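Trainee: Here's a sequence, model it:
(2 chains)
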Amino acid sequence: MLDAAAIERALRRIAHEIIERNPDLGSIVLAGIPSRGVEIASRLADIIESLGKVRVATGAIDVSMHRDDVGTRAELPRVQASSLPLPLENKTVIIIDDVLFTGRTARAAMDALGSFGRPARIQLAALIDRGHRELPIRADYVGKNLPTAPGEQVSLRLQDVDGEPDAVWLIKEEKP
Amino acid sequence: MSSEIRWQRKDLLGIRELSAEEITFLLDTADAFKDVGTREIKKVPALRGKTLVNFFVEPSTRTRTSFEIAAIRLSADVINISASSSSLIKGETLKDTAKILEAYHADLIVIRHGSSGAPQFLAQRLKSSIINAGDGAHEHPTQALLDLYTIRSRKGAIAGLHVVIIGDILFSRVARSNIFALLKLGAHVTLVGPSTLVPREFEKLGVTVSHKLDEALETADVVNLLRIQHERQRKEYFPGIGEYIRLFGLTKERGRRLKPDCLIMHPGPINRGVEIDSELADGPQSVILEQVTNGLAVRMAVLYLCGGIATP
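Mentor: Numbers count the residues shown, from 1 in each chain, chains lettered A, B, ... in the order given. Presented below is the predicted three-dimensional model:
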């Protein structure tokens, strides 16, 4: 659905919108959700810096401990450590997710942020918004809207995380 | 690169059945939980609504408290049942007690028991997650995990290190779990102690057995001292305190001959002046208090993984 150039364009659009909406870039923290959100956060910081602006702070916010589906999965993935530039008071924290889907991850990220402090405001950025929200959550910045059918899956690959070229794939469920 | 390994166990019964990858997975997970203790709000909702029963048939303050704090930081509700308040001493069998715990809908049971295999007994019969907090002379897996976590965080890696374990190996579940874990992750292990307490048979596991402490200490990267368990000791095994200190105590003199970056560890409680001189226990090489702090992170990781998994 998206190749490397399209992903780059989507990130640039998000970066411009972040600059537009936040005159004080010094108070911004880009908090990526591991693992790809962290990579996206650092790319966004690169782009903002290359546009002649300051280097905005970045960090990682792990949501595993704040998820609402504990006890429903047969196996658990690796929990990543959170690392945020503290304190968060008076900061605008922008949660960076790769694919926004049900909204449950974003909710967990907001809860997780709360245990580190009380940011002045929290915003949400997603490279891809694939729809199908299960919670009243909406992203402030979206790289690309990608309407999907329920059986479909969106797969994002990033060079530095996956060792594969940047790309977004739409995987359709095979009909039996 | 993201790893493909995922956690699939509902129980933690021992180190012996874990793969090196699973041990590393647990230590990595503990890394993530260590950070929770430094947050403004030291509590995450991971196990909200779950009930954990601390079922300690053998007395313990340290391990029980550590599990309790870990569970509270994960938002689980904790019930403590100790030997003195338990019906077991009134004659109830372990099987009956197990049924009672299940009837309470305990999601996690942390058990310490004098008999080896008691945790397995429960795990085979109950849907609850069973965490072994020490069973007889068999295993004490979370102690080994916190020891390895402490070593790894100080030394960067486990593989290639020389770890010397000193003391009552024969009756020590801490030693047994440590030996399994250290060998799986590629450390070289030397056991030192009186021949009655450190029999040659241990060499079958792949460790070196020595009765000469000074030799072993020369190349040690880590010294792990086991507590002399006076309460378990039978006279015929033990040489007498004075002789023990002379042959196997980590005295000031021996401390001076350690490599400068050698870590000194002790699972506690310490018999000051017996296994180790006070000066060394409180000295710069000692990581004894770090072990306690790391124990919380490791136990949070274990409870999160075993308690967070779907049970059939």
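
Trainee: what's the distance between residue B:156 and chain A?
Mentor: Separation of residue B:156 from chain A (CB to the nearest CB, to the nearest Å): 16 Å. Bear in mind the C-beta positions are built from the backbone N, C-alpha and C, glycine included.

Trainee: nope, residue B:50 is what I was after
Mentor: Applying CB to the nearest CB, the value for residue B:50 to chain A is 7 Å.

Trainee: what's the answer for residue B:172, then?
Mentor: Counting by CB to the nearest CB, the gap from residue B:172 to chain A is 31 Å.

Trainee: count of residues packed around that residue?
Mentor: Neighbour count for residue B:172, taken as other CB atoms under 10 Å in any protein chain shown: 25.

Trainee: Which residue is the nearest non-sequential neighbour of it?
Mentor: In this structure, residue B:172 finds its nearest non-sequential neighbour in residue B:226, 5.2 Å apart by CB to CB, 6 or more residues apart in numbering or on different chains.

Trainee: Looks like the one you found contacts residue B:175 (just checking).
Mentor: Yes: shown here, residue B:226 and residue B:175 form a contact pair, counting by CB atoms under 8 Å, at 6.0 Å.

Trainee: ok, residue 107 - how many residues close by?
Mentor: You didn't pick a chain, so chain A it is. Using other CB under 10 Å, the number of residues around residue A:107 comes to 18.

Trainee: Switch to chain B, please.
Mentor: Using other CB under 10 Å, residue B:107 has 23 other residues around it.

Trainee: and the residue nearest to it when sequence neighbours are not counted, what does it touch?
Mentor: Excluding the flanking residues, the one nearest residue B:107 by CB to CB, 6+ apart is residue B:50, at 4.2 Å. Residue B:50 makes contact with A:70, A:71, B:76, B:77, B:107, B:108, B:307, according to CB atoms under 8 Å, 6 or more residues apart in numbering or on different chains.

Trainee: How about the contacts made by the fourth one?
Mentor: It stands for residue B:77. B:50, B:51, B:52.

Trainee: can you count the residues close to residue A:52?
Mentor: Other residues near residue A:52 come to 7 when the count uses other CB under 10 Å.

Trainee: same question, residue B:205
Mentor: By other CB under 10 Å, the residues close to residue B:205 number 14.

Trainee: Go ahead and confirm it touches residue B:181.
Mentor: No: contact status for residue B:205 versus residue B:181: not in contact, 11.9 Å apart, counting by CB under 8 Å.

Trainee: So which of residue B:226 and residue B:175 has more stuff around it?
Mentor: Under the neighbour definition other CB under 10 Å, residue B:226 and residue B:175 were set side by side, and residue B:175 has more, 29 against 22.

Trainee: Go through the helix or strand harbouring the more buried one and flag the buried ones.
Mentor: Element membership for residue B:175, per DSSP states H and E: helix B:173-184. Within helix B:173-184, the residues scored as buried using 16 or more other CB atoms under 10 Å in any protein chain shown are B:173, B:174, B:175, B:176, B:177, B:178, B:179, B:180, B:181, B:182, B:183, B:184.

Trainee: low-scoring stretches of chain B, by residue?
Mentor: Applying pLDDT under 70 to chain B flags residues B:1-4, B:84-91, B:230-236, B:312.
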